[in-house]
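Visitor: sequence and computational prediction follow.
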Amino acid sequence: MKRGSITRLNGDKGRELSKISGHWTSYIEFDGKRYWDLKTVDPILHVDTKIPLPSDARYREDLIYLAKKDMAKSQE
């Protein structure tokens, strides 16, 4: 799980507006309230085509490595 915060810069000091936790492959929470969870969303299915565009998301290297369970390469 990753953690962070959203801050507003106020002069030289930052004022924390919200605490964030989660991970892009599972869920995200703001101030302890879960706004998105992979377990509860309906997947978006692609429409298969014989000649996909070069920009088709299936060609994204990060997703290809994620499908292979290679988190290090997918993060690169």
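Guide: The structure has been received and is ready for your questions. What you see is a predicted model; the values in this text were computed from it and never measured.
Visitor: mind listing the helices for the protein?
Guide: With DSSP state H as the criterion, the chain has helices at 61-67, 71-75.
Visitor: contact partners for the nearest residue to L38 once chain neighbours are set aside?
Guide: Excluding its sequence neighbours, the residue lying closest to L38 (CB to CB, 6 or more residues apart in numbering) is S26, at 5.4 Å. In short, each C-beta sits where N, CA and C put it, glycine included. S26 is in contact with D37, L38, K39, counting by CB atoms under 8 Å, 6 or more residues apart in numbering.
Visitor: possible to save the helices of the chain as a markdown table with mean neighbour count?
Guide: A markdown table is the format used below for the helices of the chain (neighbours: other CB atoms under 10 Å):
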| stretch | mean neighbour count |
| --- | --- |
| helix 61-67 | 13 |
| helix 71-75 | 12 |
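Visitor: closest one to G14 among the ones you listed?
Guide: Checking these against G14 by CB to CB gives helix 71-75 as the closest, at 26.2 Å.
Visitor: what bridges to the residue lying closest to R34 once chain neighbours are set aside?
Guide: Among residues not flanking R34 along the chain, Y27 sits closest, at 5.8 Å (CB to CB, 6+ apart). Beta-bridge partners of Y27, counted by DSSP bridges, are H23, D37.
Visitor: so Y27 sits against W36, correct?
Guide: Yes. Between Y27 and W36 there is a contact under CB atoms under 8 Å: 6.2 Å.
Visitor: higher neighbour count, these two?
Guide: A direct count of neighbours by other CB atoms under 10 Å for Y27 and W36 places Y27 higher, at 17 against 13.
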